[in-house]
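1. Could you look at this predicted model? Sequence included:
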Amino acid sequence: QVHLVESGGGLVQAGGSLRLSCAVSGGTFDAYTMGWFRQAPGKEREFVAYIKWSGGRTNYADSVKGRCIISRDDAKKTVYLQLDSLKPEDTAVYYCAAREFTTGVVPARYDYWGQGTQVTVSS
């Protein structure tokens, strides 16, 4: 069984930074594309970034491009999301997710999900 646990969320002022982490247990971490998604109140869950299972190719949503870096440590079975220059519109619950061997930006295509971590950006 695969478990994902996010951490690192919190309250930050606009312009600040946060580093989210997602620790994975079970499964085969180095076979997974790891994605970050977010969901604001009353809105659909949306793609933020993913990092491919091998070689680490990354992809970012336009809304975070240039302000966000996704990375992974296969030895620690952990994926990270560095968020900089945060804006109030970044406020959301951030989820990490995993899918095996393929990449994608559609939440429904991901097999495993964490419980989420709240990010709140004050103006």
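-> In hand now; what should we look at?

2. switch to C-alpha atoms for all contacts and neighbour counts from now on
-> OK.

3. So for the protein, the centremost residue is which one?
-> Most central in the chain under C-alpha atoms, centre = their mean is Trp36, positioned 2.3 Å from the mean C-alpha point.

4. Can you tell me the SS state at it?
-> strand (DSSP: H, G, I helix; E, B strand; the rest coil).

5. which residues does it bridge with?
-> Taking DSSP bridges as the rule, Trp36 bridges to Ala49, Cys96.

6. Okay, it and Ile70: tell me how far apart.
-> According to C-alpha to C-alpha, to the nearest Å, Trp36 stands 8 Å off from Ile70.

7. can you list residues touching both of the two?
-> 49-50, 81 (C-alpha atoms under 8 Å, 6 or more residues apart in numbering).

8. Of these, which is the most crowded?
-> In terms of neighbours by other C-alpha atoms under 10 Å, the shared contacts of Trp36 and Ile70 top out with Tyr50 at 28 neighbours.

9. Near Thr28, how many other residues are there?
-> 12.

10. picking that back up, can you list the shared contacts of Trp36 and Ile70 in a markdown table and add pLDDT and distance to Val64?
-> Output for the shared contacts of Trp36 and Ile70, formatted as a markdown table (pLDDT from 0 to 100; distance: C-alpha to C-alpha, whole Å):
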| residue | pLDDT | distance to Val64 |
| --- | --- | --- |
| Ala49 | 98 | 8 |
| Tyr50 | 97 | 12 |
| Leu81 | 98 | 11 |
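
11. and which of these is nearest to Thr103?
-> Nearest to Thr103, judged by C-alpha to C-alpha, of the shared contacts of Trp36 and Ile70 is Tyr50 at 7.6 Å.

12. Surely that closest one is in contact with Ala61?
-> No. Contact criterion C-alpha atoms under 8 Å: Tyr50 and Ala61 do not qualify, at 9.2 Å.

13. I figured the residue nearest to the centre of the chain hits Tyr95, correct?
-> Yes. Using C-alpha under 8 Å, Trp36 is in contact with Tyr95, at 5.6 Å.

14. Provide a list of residues in contact with the nearest residue to Ile51 once chain neighbours are set aside.
-> By the measure of C-alpha to C-alpha, 6 or more residues apart in numbering, the closest residue to Ile51 outside its immediate chain neighbours is Thr58, 4.4 Å from it. Shown in contact with Thr58 (C-alpha under 8 Å, 6+ apart): 49-52, 70.
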